[in-house]
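Colleague: build me a model:
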Amino acid sequence: MSLYQSLNTHRNEVRLITILPQASTTSRRAPVQCRLQTYCLDDEHLTLAYKEYLRDPVAPNVWDNPKLQARKISPGEELGEWIHLEDPCEDATITLPEFRYVWGDFLALSYTWGDPSISREIIVNGISLTVTQNVEACLRELRSKHYIQEGWKLWIDALCINQEDIIERASQVPRMREIYTKAWTPIIWLGEQTEDSDDALDLLVTLARDYSSRDGVNRLTNVLQQNAEHFGKGRWRALNSIICRRYWGRLWIIQEAALGRKTMPVLCGGRTLAWSYYSLAFRLLNNTDEVINTYITNELKDVNLSFDYQLWANLNTVNEIQVLQDDHMNRRRSGMYRQLELSRTVSATDPRDKVYGLLGLMDESVAGLIKPDYTSTVAGVYRSFALAVIKGTGSLDTLRHCPSTDRSLFPSWVPDWRPMQAATPLTISDTAFNTSRSSAAIVHPIDNSQLLCCKGFILDRIDGMGNMWAKAWSPEFIAQSRGTANAYGTFEGARAAIWKSLVACNRITSVPLTPDLEKDFALLLATPAIAMLDLPVGSPLRTLVKSNVFKWCVDSLKGGADFIVAGRCIEDYLQKEVEPKDIDVVNLRDALMQRDRVGLYRRLITTERGYVGMALDTVEQGDAVAVILGCSMPMVLRKQAGQTSGNVRWRIVGECYVHGIMNGEAMGLGVEIQDIILS
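Modeller: The predicted structure follows:
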């Protein structure tokens, strides 16, 4: 007996799971029983009441219809069950929303498959199936929920898609956006309850509720300096366990959670919190290395555990998902490259899903050109995707995501989206800079080969390279500038170019710097002087000075003190005196965090024309700085080795920031546009 019957491709059919109630005579250890059936999501299957609602021009979306509301929530209140509306209401009801379809309604589960070596039995349509312990525990927990007992169905990819049918699997992947959007809400399952998970969630609620304001980091660190166990002993270690759960490192959650709301339920065992608690608390922690590197690390050491750097990746994942979610709820277009860069930091069983798993979030101009093909090689999928992106966007910004690594499988112009240790883009915004003045990409592949011909010009050559993060900012790895040209004309112009290059003229949120922030960000060059100030114990600035991001900034400047920029060493550009009253600690922290992010795997550079910038630490003296039509950032190119004749072929080393040409200034220098052949 087959569990799966083919879905009707001419109707909007999906399979949904119904978790059956536990019979009173059945042992609690008995397998969870489910029913898998096919349902249609076409409008003809909507209830009459819901159709009338959709025709109501004054109701902007389903969340505003009182008949379709779940119980509302008060500020700071935990969820006993799932809810959708954030604002409290005097006439709030505990009744569940009415079904939208004549056959009922459904929710979409977001989870991780779990350890495949630990399996459990469930019964689906009378057939015994083996699933992971994590999936079985989720179904068992959901079975006790009121909404499931009232007949709400579930979409679960592992059970509702025939995973053995490669054709069906490929056809269902592009439907993920529709399924998660049409579901009443995604439900997130983090995993089973543990001995200390309640302690972690208690701390999570406190951080989100009491420390998510602009000065939250300062207030939190000051509280902890006065009493390291202010929140209770072992709470930070417990929270670390929640942050490092496997769920946060799963590729598919990017799309699933981004299509939800701030109030969607997140289940950890039997306890439920709204997504917003995780989002606010994770954002707070992502903006402070003091808490992570002191209190979490110390509590891990207490029980002989080492710090897992995956924590930082998971914090960033949730922050980025929140941006995507906000864009979705406000009907804004999300940055495609932001999504793709995020996919590099999470895991996927099939590396082709690094592309296919995000199709539901991409603009139709790109997604419509891609048909998932699980018979193609990874290299074939990534190359086809790169060409589709170029065609669909008219842009060559895909080149920005091609850092110089082992390129044995790919041409240098094809991004490798598999997990790798590499620098994040200088800015995750798709529109932060405009080096080629919004020019359209002019490209064509050459003779179906691995070559790509585009248009642009070589502007400059790299002259000097400062010290490197990867070499602990040791001065011995400086490649000293040979020229003394100053493209900015004055000492102050060169000085501004240095500190603006250190942060790529952006904030940590990838928002361009505003004039009112420049004074605070320029203080990066005053950090060695700030470190020498006699600051009162417990002051926010003293707390910041003791942080790692502050120390790393000082170390990088001291290690690169002899690097020559425009004929003067970095030491000459440092600000020697500063008054504490002139320092906005919150903005300086923002600058330090951005400098740290930009400086990872990068180094300060000078060019033969006297420009200053930041480039990957793999660049070499003599590498070309190119402006390519259709690309918003300058690119560092290197001549392909072994060429004997014919047109020059270039390999991409990576993007760079070059202060003074980021907004199209180079396009007005009278340069000649030429063919640039990328290999």
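Colleague: can you name the residues that contact P116?
Modeller: Counting by Cβ atoms under 8 Å, 6 or more residues apart in numbering, P116 makes contact with T132. All C-beta atoms are positioned from the backbone trio N, CA, C, and that covers glycine.
Colleague: do L3 as well
Modeller: Listed by Cβ under 8 Å, 6+ apart, the contact partners of L3 are 36, 124-125, 127, 129.
Colleague: now swap in T393 and tell me
Modeller: Applying Cβ under 8 Å, 6+ apart, we find T393 in contact with 336, 365-366.
Colleague: in helices, which of those residues fall?
Modeller: Residues of these located in helices (DSSP state H): 336, 365-366.
Colleague: what are the contacting residues of the lowest-mean-pLDDT helix or strand in the chain?
Modeller: When the helices and strands of the chain are scored by mean pLDDT, DSSP states H and E, helix 289-290 comes last with a mean of 79. For helix 289-290, the external contacting residues (Cβ under 8 Å, 6+ apart) are 217, 221, 543, 546-549.
Colleague: just the buried ones from the residues you listed?
Modeller: Neighbour-count burial (16 or more other Cβ atoms under 10 Å) applied to these gives 217, 221, 543, 547, 549.
Colleague: which ones among the residues you listed lie within strands?
Modeller: In strands, judged by DSSP state E, none of these are found.
Colleague: D584: which of those residues is nearest?
Modeller: Closest to D584 out of the buried ones among the contacts of helix 289-290 is V217 (13.2 Å), distances taken as Cβ to Cβ.
Colleague: not counting its neighbours along the chain, what's nearest that closest one?
Modeller: T288 (4.5 Å; Cβ to Cβ, 6 or more residues apart in numbering).
Colleague: list the contacts of the longest helix along the chain.
Modeller: Secondary structure of the chain per DSSP H: the longest helix is helix 310-329. Residues from elsewhere that reach helix 310-329, judged by Cβ under 8 Å, 6+ apart: 240, 243-244, 248-249, 253-254, 257-262, 278-279, 282-283, 285-286, 292, 296, 332-334, 338-339, 342, 345-346, 361, 428.
Colleague: send the alpha carbons of it over as CSV?
Modeller: Only the C-alpha atoms of helix 310-329 are listed here, as CSV (Å, rounded to 0.1, in the frame of the first residue of the first chain):
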residue,chain,number,x,y,z
GLN,A,310,28.4,28.9,15.9
LEU,A,311,26.6,31.0,18.5
TRP,A,312,27.6,34.2,16.6
ALA,A,313,26.4,32.8,13.3
ASN,A,314,23.0,31.8,14.9
LEU,A,315,22.5,35.3,16.4
ASN,A,316,23.2,36.8,13.1
THR,A,317,20.8,34.4,11.3
VAL,A,318,17.9,35.5,13.5
ASN,A,319,18.7,39.1,13.0
GLU,A,320,18.8,38.7,9.3
ILE,A,321,15.6,36.7,9.2
GLN,A,322,13.9,39.5,11.2
VAL,A,323,14.9,42.0,8.4
LEU,A,324,13.4,39.7,5.8
GLN,A,325,10.3,39.2,7.9
ASP,A,326,9.8,42.9,8.3
ASP,A,327,10.2,43.4,4.5
HIS,A,328,7.7,40.6,3.8
MET,A,329,5.1,42.1,6.3
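Colleague: which parts of it are buried?
Modeller: 311-325, 327-328.
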